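Visitor: Got a sequence here, can you build the structure:
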Amino acid sequence: MDLGGSLTEERQLGRVVQSARKAAGFTQQALCQKSGLSYSTLAKIERGAIRAPSVFTIKHLAATLGMSLDDLLQGVVTAKQPLIPVPGAPSGKQVSKNGVRFVYFDMNGCLIRSGVSKAASMLAADSGVTADVIESIFWQYDNDVCRGDKSIDELNTVLAERLHMLVDWNKYYLAAVEPTPQVAELVEWVAQNYYVGILTNTLPGLVRPMLENGTLPRVQYDAVIDSSEVHALKPEPEMFTIAAERAGMSPNEILLVDDDHLNLAAAGQLGWQTMSFHAYHSEDSILAVSNALQPAD
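Guide: Numbering: from 1, shown residues only. Predicted coordinates for the structure are as follows:
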């Protein structure tokens, strides 16, 4: 594959990806639709505008194009070792260069893109009541139901009375929620190399169905801390105390990956390591987390 001139590795990679996409008969839009990659991220990769794109993203593109990762990268001259091992490579449990042994992932806004607004819109279409009204009712009850102080039936009853129809909020939510693109590969790699868990503020009855249907990454979690079961919420200190006890680690050995800065600040005050994650900018977030979890020498 002729890449021409002296290109940076990023531009070389961009040309290789673009050439492979065209050879497979995909437009950028079609490849994005099939792979789940955003148009802006693919365009940046093809322009060489993303520095060291995540191997998780590149591996996913290769699979979508029906190629192995080695075949896709054969035209790219690599001057250094990859920042992270290829997902799926066998490994034992590690300690990161920053001393992390256990990684807790937040669920909403991290492992998944929250479906509250979409669920409200779906309910609005079925009931004729505006989505704003439905969301307002939901948020009035959210914390109490997530903490387990009120039941999901109480939320459903209030919605049913206002919408004049039977309501199963979890059913609508599960139909609306979607996994964060490429995050499954990251979690799979983390689970191979570190102890891993989920630490989430959530309504009861959502975690298990999402694990079973693949919305949440299917790995062997060492701990799942569900707010509705432990009757505590992030950023309350009790939530982090419970999570640390379940992990069986010292606070400085635990990394929290979360989208909420209040949660991150609270965990940091208790001695945890923290990293921010953005489900709608997952390429950058995945790369940052994987870089931070490089094993100690």
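Visitor: need the contact list for the closest residue to Lys34 other than its chain neighbours.
Guide: The spatial neighbour of Lys34 that comes closest, neighbours along the chain excluded (C-beta to C-beta, 6 or more residues apart in numbering), is Thr64 at 5.5 Å. In short, each C-beta sits where N, CA and C put it, glycine included. By C-beta atoms under 8 Å, 6 or more residues apart in numbering, Thr64 lies in contact with Leu31, Lys34, Ser35.
Visitor: same deal with Thr202?
Guide: Residues near Thr202 by C-beta under 8 Å, 6+ apart: Met107, Asn108, Cys146, Asp226, Ser227, Ser228.
Visitor: Also Ser285?
Guide: Residues near Ser285 by C-beta under 8 Å, 6+ apart: Ser276, Phe277, His278, Ala279.
Visitor: Beta-bridge partners for the first one, please?
Guide: Applying DSSP bridges to Ser276 yields these beta-bridge partners: Asp258.
Visitor: Take the contacts of Thr202 and keep only those in helices.
Guide: Cys146, Ser227, Ser228 (DSSP state H).
Visitor: just those now: which is nearest Arg113?
Guide: Cys146 (17.8 Å; C-beta to C-beta).
Visitor: Who are the packing partners of the strand or helix carrying Val16?
Guide: Assessed by DSSP states H and E, Val16 sits inside helix 9-23. Counting contacts by 3 or more C-beta pairs under 8 Å, 6 or more residues apart in numbering; DSSP states H and E, helix 9-23 is packed against helix 39-47, helix 55-64, helix 69-72.
Visitor: What mean pLDDT does the helix or strand that it is followed by get?
Guide: Following helix 9-23 in sequence order, the next helix or strand is helix 28-35 (DSSP H and E). For helix 28-35, mean pLDDT is 86.
Visitor: the inter-axis angle of helix 28-35 versus helix 9-23?
Guide: 90 degrees (axes from the mean of the first three to the mean of the last three C-alpha atoms, to 10 degrees).
Visitor: what residues does helix 28-35 touch?
Guide: In this structure, residues lying in contact with helix 28-35 by C-beta under 8 Å, 6+ apart are 21, 24, 26, 37-39, 42-43, 46, 60-61, 64-65.
Visitor: ok, now with 6 Å
Guide: With contact meaning C-beta atoms under 6 Å, 6 or more residues apart in numbering, helix 28-35 is reached by Arg21, Tyr39, Leu42, His60, Thr64.
Visitor: Now for the first one: which residues touch it?
Guide: Contacts here follow C-beta under 6 Å, 6+ apart; on that basis Arg21 touches Leu31.
Visitor: can you rerun that using 7 Å?
Guide: Contacts for Arg21 (C-beta atoms under 7 Å, 6 or more residues apart in numbering) come out as Leu31, Leu65.
Visitor: where does Gln94 land in three-state SS?
Guide: Classification of Gln94 using DSSP: H, G, I helix; E, B strand; the rest coil returns coil.
Visitor: switch to numbering from 47
Guide: New numbering, starting at 47: the last item is Gln140.
Visitor: Torsion angles phi and psi at the closest residue to it other than its chain neighbours?
Guide: Nearest residue to Gln140, sequence neighbours excluded (C-beta to C-beta, 6+ apart): Pro341, at 4.2 Å. Main-chain dihedrals, Pro341, degrees, to the nearest 10: phi -60, psi 150.
Visitor: To what extent is Pro341 buried, counted in neighbours?
Guide: Pro341 has 16 neighbours, counted by other C-beta atoms under 10 Å.
Visitor: Then Val229?
Guide: Neighbours of Val229 (other C-beta under 10 Å): 24.
Visitor: Stretch 148-165: end-to-end distance?
Guide: Chord length of stretch 148-165, first to last residue, is 33 Å (C-alpha to C-alpha, to the nearest Å).
Visitor: Please disregard the earlier target; I meant stretch 271-288.
Guide: 8 Å.
Visitor: Also stretch 202-222?
Guide: End-to-end distance for stretch 202-222, by C-alpha to C-alpha: 17 Å.
Visitor: Show me which residues of that stretch are buried.
Guide: Asn202, Val204, Leu205, Ala206, Leu209, Val213, Trp215, Asn216, Tyr218, Tyr219, Leu220, Ala222 (16 or more other C-beta atoms under 10 Å).
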